[in-house]
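[1] What would the 3D arrangement of this be:
(one chain, ligands or ions: 4)
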Amino acid sequence: MFPGSDDYDVDIAIDEEDVERLLTVMPADVEPAGELTFARNVFVPLTTACRYTCTYCTYYDPPGQASLLSPEEIRDICRTGAERGCTEALFTFGDDPDARYTDVHDQLAEWGHDSIHEYLRAASEIALEEGLLPHANPGDQTREQMATVADLNASMGVMLETTADVQAHGGPRAKSPGQRLATIRTAGELGVPFTTGILVGIGEDWRDRAESLLAIRTLHERYGHIQEVIVQPVVENERWNGGTPDLATLRRATAMARAALPEAVSIQSPPNLAPVRELLDCGIDDLGGVSPVTDDHINPDHAWPAVEELRSIASAAGVPLRERLPVYERYYREGWCPDRIEDAIEAADEAGRRFRAVLDDS
Ligand SMILES: O=c1nc2n(C[C@H](O)[C@H](O)[C@H](O)CO)c3cc(O)ccc3cc-2c(=O)[nH]1
Ligand SMILES: C[C@H]1O[C@@H](n2cnc3c(N)ncnc32)[C@H](O)[C@@H]1O
Ligand code: MET
Ligand code: SF4
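    Ligands and ions are numbered 1, 2, ... in the order given. A predicted model of the protein is given here:
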């Protein structure tokens with residue numbers, strides 16, 4: 001059905017009638033949300049080594065030049081974040097650095113790790129020790145890789161981006177939609193609360209957007225694990241001059257996401273990349289993770305707004321702003337969280353950091 005589906009044994013059939021219905025959805029057809037949520041995080045870019053070469057991405061460095069954060073650097077970032085009231089350590093970094101990056105491999109081996117996932121496990125331990133809840137998005141993951149870190153993560157994520165074969169993902173080192181769908185499925189099988197989303201403006205058309213959202217819905221219907229769907233505009237940078245979607249496109253794509261997913265699944269718009277004030281009537285109910293401490297290392301030209309700005313946005317929408325944890329409340333209540341995560345939430349409360357109050361503040 002989707003490019004690469006067979007390679008990863010992904011069995012998702014999209015109903016043509018559902019596609020047609022989504023293609024008619026406009027902003028006026030969706031209900032605005034009753035509140036806006038956000039999370040406070042620190043961005044921990046473990047490595048800029050990446051197996052892929054997405055043409056819109058300035059994050060990755062070529063072999064020989066890639067960075068690798070040391071355990072001490074990870075601890076420093078997490079400690080500062082905890083001191084500044086953050087709840088989440090966002091581990092998002094280059095996808096599965098392979099044998100092309102021998103220097104990265106050698107450094108990991110010197111620190112006693114066979115793979116980036118083993119290192120991610122160690123990094124998640126550090127975050128927990130410093131009082132933060134890990135949320136890892138290392139891109140595509142095998143079941144074995146995800147299982148290596150799942151018990152130390154409050155939630156995990158990968159952007160589906162698109163189910164279409166687009167040139168931006170092309171070339172010899174191409175992302176495969178089938179592999180990304182398989183990653184989202186694996187999270188469902190392992191019971192990991194999950195964040196995903198679409199990247200708008202990378203060469204996909206309206207039908208591709210509808211099919212991508214329906215593929216996410218299908219996996220959520222099977223496992224119930226999708227906590228939020230990000231509708232993210234691609235933004236220009238020194239590698240990407242393919243433009244950013246115009247407002248009408250972004251409004252329609254956001255409304256389409258709202259219409260495609262059940263109400264319990266949040267629709268997130270990133271306030272440093274998208275004109276969120278113009279999207280408030282398109283069904284968004286979450287503003288994602290913002291950091292008082294670190295840059296958005298993926299889009300460093302786009303600074304996070306301060307929480308005061310989020311408050312002003314919510315007030316423009318006439319709805320309350322509520323802080324949340326990286327794991328959504330219902331998953332915590334329904335017992336999805338691994339023991340270590342439940343313990344960390346409890347320990348934060350005992351230390352006066354009130355993680356449960358963030359959950360309860362609804
Ligand atoms: O699951 C993901 N979360 C991403 N997040 C996290 C997200 O905004 C929230 O922290 C999650 O909603 C946690 O629930 C980002 C946060 C940033 O600060 C910058 C970039 C991203 C990108 C992603 C992403 O691709 N996937
Ligand atoms: C964390 C997510 O950031 C997205 N990402 C990478 N480069 C860009 C860009 N130029 N604009 C917007 N999003 C981008 C990818 O979809 C990745 O999954
Ligand atoms: C730094 S981009 C986010 C993580 C991963 N490389 C991906 O594209 O999915
Ligand atoms: S978007 Fe992620 S997978 Fe693509 S090149 Fe950048 S770091 Fe690698």
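
[2] Nearest spatial neighbour of the residue of the stretch 151-300 of the chain found nearest ligand 2, chain-adjacent residues omitted?
    The stretch 151-300 of the chain approaches ligand 2 most closely through Met159 (3.6 Å), counting by C-beta to the nearest ligand atom. (C-beta placed from N, C-alpha, C; glycine too.) Closest residue to Met159 apart from its sequence neighbours, by C-beta to C-beta, 6 or more residues apart in numbering: Gly197 at 4.9 Å.

[3] Would you pull up how far the one helix or strand that neighbour maps to lies from the middle of the chain?
    Gly197 belongs to strand 194-200 when elements are defined using DSSP states H and E. Distance of strand 194-200 from the chain centroid (C-alpha atoms, centre = their mean, to the nearest Å) equals 6 Å.

[4] Against which helices or strands is that strand packed?
    strand 155-157, helix 177-190, helix 206-223, strand 226-233, helix 247-260 (3 or more C-beta pairs under 8 Å, 6 or more residues apart in numbering; DSSP states H and E).

[5] what about 10 Å?
    strand 133-137, strand 155-157, helix 177-190, helix 206-223, strand 226-233, helix 247-260, strand 266-268, strand 286-290 (3 or more C-beta pairs under 10 Å, 6 or more residues apart in numbering; DSSP states H and E).

[6] Tell me how many other residues surround the closest residue to ligand 4 within the stretch 251-362 of the chain.
    Nearest residue of the stretch 251-362 of the chain to ligand 4 (C-beta to the nearest ligand atom) works out as Ile298 at 7.1 Å. A total of 17 residues lie near Ile298 under the criterion other C-beta atoms under 10 Å.

[7] Can you tell me the closest non-neighbouring residue to it?
    Tyr59 (4.9 Å).

[8] Quickly list what the residue of the stretch 51-200 of the chain found nearest ligand 1 is bridged to.
    For the stretch 51-200 of the chain, the residue closest to ligand 1 is Gly157, as judged by C-beta to the nearest ligand atom, at 1.9 Å. With DSSP bridges as the criterion, Gly157 is bridged to Thr195.

[9] ok, so what distance separates it from ligand 4?
    Distance of Gly157 to ligand 4, given as C-beta to the nearest ligand atom, to the nearest Å: 12 Å.

[10] Next, whatever residue of the stretch 201-350 of the chain ends up closest to ligand 3: secondary structure please.
    Residue nearest to ligand 3 within the stretch 201-350 of the chain: Ile298 (5.0 Å; C-beta to the nearest ligand atom). What DSSP: H, G, I helix; E, B strand; the rest coil gives for Ile298 is coil.

[11] and the residue lying farthest from the centre of the chain, what pLDDT?
    The outermost residue of the chain relative to its centre, with distances by C-alpha atoms, centre = their mean, is Glu110 at 30.1 Å. We have a pLDDT of 96 for Glu110.

[12] Three-state assignment for the residue lying closest to Thr162 once chain neighbours are set aside, please.
    What sits nearest to Thr162 in space, not counting adjacent residues and going by C-beta to C-beta, 6+ apart, is Glu204, at 4.4 Å. Taken by three-state DSSP, the conformation at Glu204 corresponds to coil.

[13] what's near enough to touch Arg356?
    When contacts are counted by C-beta atoms under 10 Å, 6 or more residues apart in numbering, Arg356 touches Leu325, Glu329, Tyr332, Ile345, Glu346, Ala348, Asp349.

[14] near ligand 4, which residues of the protein show up?
    Cys50, Tyr52, Thr53, Cys54, Cys57, Tyr59, Tyr60, Gly94, Asp95, Gly139 (C-beta under 6 Å from any ligand atom).

[15] Surely the fifth one and Phe93 touch.
    No - between Cys57 and Phe93 there is no contact under C-beta atoms under 10 Å: 11.8 Å.

[16] More neighbours: which of those two?
    Higher neighbour count among Cys57 and Phe93: Phe93, with 30 against 17, using other C-beta under 10 Å.

[17] Distance-wise, check the more buried one relative to ligand 3.
    Distance from Phe93 to ligand 3, counting by C-beta to the nearest ligand atom: 6 Å.
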